[in-house]
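> One predicted model, sequence on top.
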Amino acid sequence: MTEPVLKVDNLSIEFGPEGGALRVINDVSFSVGAGECLGIVGESGSGKSMTSLAIMRLIPSPPGRIATGRVELEGRNLLDLPMSQMPAIRGNDIAMIFQEPMSSLNPVMTIGDQISEAIMLHEPMNAQQRYKRTLEMLTLVGIPDPEKRFKSYPHEFSGGMRQRVMIAMALSCNPKVLIADEPTTALDVTIQAQVLELMRDLRTKFQTSIVLISHDLGVIADIADRVLVMYCGRVVEIANVDEIFADPAHPYTEGLLRSIPSETNEGQRLYQIPGTVPAVADRGTGCTFYDRCPKRMDICKNELPPHFKVSETHSAACFAIPEASR
Amino acid sequence: MTEKLLEVRNLSKIFAPRFRINPLKKDSSVRAVDNVSFDIDRGETLALVGESGCGKSTTGRLVLRLLDASEGQVTFDGQNVNALSSSELRKLRSQMQIVFQDPFGSLSPRRTVEQIIAEPMAAFGITRRAEQRERITTLLQQVGLSPDDMRKYPRQFSGGQRQRIGIARAIALGPSFVVADEPVSALDVSVQAQIVNLMQDIQKQHRMAYLFISHDLAIVRHIADRVAVMYLGRIIEIGPKATVFSAPQHPYTQALLSAAPAIDPKKRARRIVLTGDVPSPSAIPSGCSFRTRCPLAQPICAQEQPPLKTVAAGQLTACHFAEPHPIKIQSSPTPLTTA
């Protein structure tokens, strides 16, 4: 395998005062290769977005704090860099798109100017070159009539078009890594299909690595190569996309998959994961899924399961995985 | 035995500005719902699907007369809802209720759960505190909450629990019809399953009919008996769930079904990606409103609006090119070429 472009190692994030801090992210590790798409799934509060913000060093501090870990971009630890160097990396090496395109765009600036601004900050170009590049980007993401649209304001665009503008802006400086935080959640299905298609295209064209965060397993199955499942701030399972959907190893992943209505469970009662996600302060020393787990054993209560390898590319943090297949 | 509960005929809603701001500009009224007709039987679930702005929620509100219709008629249990006086309508409200999408916005933050659920009871003459308490206890147990939760405020609950409170309020008076307007869209996957199961349990116990408004086709497939697909204010296809999902006749339904991301890799290959956006509802294209995005569009589509016609038992489609077909021969959707 080639060297990963982005590597996150033992990342932990705490909130609150020193000593009494709550860990919202615990020992998260993963890597993304060139042109690879890693999907991060989890329910609200599982720490998906927090992880992506940490990569960009956008955790509000105080009260937040990266307690341990490394975030390596092509071998360089971003967490060691002085904060003053981060703006040169954000938008240039790592770009991000958010869920709500309307609130991430400036309402009083034309979309052309907003894309040009991103280019101006990172690329040595004159105004004319920038204009040309912006038009190229608009064409690339499939916005018709780019000369005219250059002068439009965000409110003149539909949700899908705004998300295209966000993607154009994110890709305008050829980032190595694109972090997409719920990029299609606010969009309709037919528009979602367009945006996913676009992301797939761009990935093959530019070999951009994508970290796609979503709670929608369908979207993840559609576009990701590998999938990371998060629960209560921890990675509970990581595998290739086909493995995870065909043969989930962690009971939480299994429960999630079974609770989605599909053709196979049509007409039956949907599976419910019992209980609710425990609050951050109520998480004990054992497995965070203990209270809700159908396969729990005595050992799970007080001991945190390490990641066991199910196959070369598949691992899960669960004691219930039979010894033979570890 | 099926028994018709709700009959909707030629329902339309036009939102018009009260006066024209710019007299030179053309008419800016919006036809949000256009000539919509459907029936719902007692105990049945009709799902209304479509993308944002297609008029699903407006239709739900028109049916309950939370909005007054511009044209058309709603008959509920033999009564013409549009003709009722406000006091008569109020009486009928115990029979028809609504569950909203946003479990945060639809519950008053300053009232306890008890006050929230007791309000509809008080409005219908159940004013004795003890009786209210007793009923609320039963209701809370029914929706999977504990009677002790009565004294808490909505902020003390998670999204899924709040949706349970919203459901308890809606069924407090034993309605025979509930409009569920995207009841699970704001919830996490595992919580969605809980609420869907709960809604189905309650439906069985009380023989309630649902108008289930959703954009999530997987959920609709699970809960609905019949499905109506809306596009720009019109129903473009309606029929039994099984046939609409296995043999959709309208190109929009086909595209919508194929666009939903599937976990099964075999189903991903056949995706129809529609070009362009939904046109603005204030400038609906002439003829068939879907023609601007339709891969099958012909000149006739711009001139004539296709009527809903029967294509299979109980399935009606509004497309010039939909043909009646025996369901057994064509069991999978016709693969369309991508534009």
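That came in fine, so what should we check first?

> now for the one helix or strand residue B:179 maps to, which elements pack on it?
Assigned by DSSP states H and E, residue B:179 falls within strand B:177-181. Packing partners of strand B:177-181 (3 or more CB pairs under 8 Å, 6 or more residues apart in numbering or on different chains; DSSP states H and E): helix B:56-63, strand B:96-99, strand B:209-214. Every C-beta, even on glycine, is put in place using the N, C-alpha and C of the backbone.

> Taking their axis directions, that strand and helix B:56-63 sit at what angle?
160 degrees (axes from the mean of the first three to the mean of the last three CA atoms, to 10 degrees).

> For chain B, which residues are neighbours of chain A?
With the criterion set to CB under 8 Å from any CB of the partner chain, chain B comes near chain A through B:51-52, B:158-160, B:188-194, B:196-197, B:200, B:215, B:217-219, B:221-223, B:255-256, B:258-265, B:268, B:271, B:273-275, B:277-278.

> Apply 7 Å and report the result again.
Within chain B, the positions lying close to chain A (CB under 7 Å from any CB of the partner chain) are B:51-52, B:158, B:188-190, B:193-194, B:196-197, B:215, B:218-219, B:221-222, B:255-256, B:259-263, B:265, B:268, B:271, B:273-274, B:277.

> Spell out for me which residue occupies the centre of chain A.
residue A:213 (3.0 Å; CA atoms, centre = their mean).

> re earlier: closest one to residue A:50 among the helices and strands packed on strand B:177-181?
Evaluated with CB to CB, these place strand B:209-214 nearest to residue A:50, the distance being 29.8 Å.

> Point out the other helices and strands that whatever helix or strand comes next after the closest one packs with.
Sequence-wise, the next helix or strand beyond strand B:209-214 is helix B:217-223, with elements assigned using DSSP H and E. Helix B:217-223 sits against strand B:45-49, helix B:189-206, strand B:209-214, with contacts defined as 3 or more CB pairs under 7 Å, 6 or more residues apart in numbering or on different chains; DSSP states H and E.

> what do you get if the cut-off is 8 Å, keeping everything else the same?
Here helix B:217-223 is seen to pack against strand B:45-49, helix B:189-206, strand B:209-214, helix B:241-246 when contacts are counted using 3+ CB pairs under 8 Å, 6+ apart.

> Switch these over to a markdown table; also include mean neighbour count.
Putting the helices and strands packed on helix B:217-223 into a markdown table (neighbours: other CB atoms under 10 Å in any protein chain shown) gives the following:
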| stretch | mean neighbour count |
| --- | --- |
| strand B:45-49 | 25 |
| helix B:189-206 | 20 |
| strand B:209-214 | 25 |
| helix B:241-246 | 20 |
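
> what about the strands in the chain?
You didn't pick a chain, so chain A it is. With DSSP state E as the criterion, chain A has strands at A:6-15, A:22-32, A:37-41, A:64-73, A:76-77, A:94-97, A:177-181, A:209-214, A:226-231, A:234-240, A:308-311, A:314-316.

> my bad, the chain I had in mind was chain B
In order along the chain, chain B carries the following strands (DSSP E): B:4-15, B:30-41, B:45-49, B:71-76, B:79-80, B:96-99, B:177-181, B:209-214, B:226-231, B:234-240, B:309-312, B:315-317.

> In CSV, list these along with distance to residue B:117.
Compiled in CSV, those are given as follows (distance: least, CB to CB, whole Å):
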stretch, distance to residue B:117
strand B:4-15, 25
strand B:30-41, 26
strand B:45-49, 24
strand B:71-76, 24
strand B:79-80, 26
strand B:96-99, 12
strand B:177-181, 15
strand B:209-214, 20
strand B:226-231, 31
strand B:234-240, 34
strand B:309-312, 43
strand B:315-317, 40
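
> I'd like those as a markdown table, with mean pLDDT appended.
Converted to a markdown table, the strands of chain B look like this (pLDDT from 0 to 100):
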| stretch | mean pLDDT |
| --- | --- |
| strand B:4-15 | 93 |
| strand B:30-41 | 93 |
| strand B:45-49 | 95 |
| strand B:71-76 | 94 |
| strand B:79-80 | 92 |
| strand B:96-99 | 94 |
| strand B:177-181 | 95 |
| strand B:209-214 | 95 |
| strand B:226-231 | 95 |
| strand B:234-240 | 95 |
| strand B:309-312 | 89 |
| strand B:315-317 | 93 |
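
> that older thread, contacts only, for the residue nearest to the centre of chain A.
Under the criterion of CB atoms under 8 Å, 6 or more residues apart in numbering or on different chains, the contact list for residue A:213 reads A:39-40, A:48-49, A:52, A:179-182.

> Could you report the neighbour count for the residue in the stretch 1-150 of chain A positioned nearest to chain B?
Proximity of the stretch 1-150 of chain A to chain B (CB to the nearest CB) peaks at residue A:43, 4.0 Å away. Here the count is done by other CB atoms under 10 Å in any protein chain shown, and residue A:43 has 19 residues near it.

> I appreciate the help and will end here.
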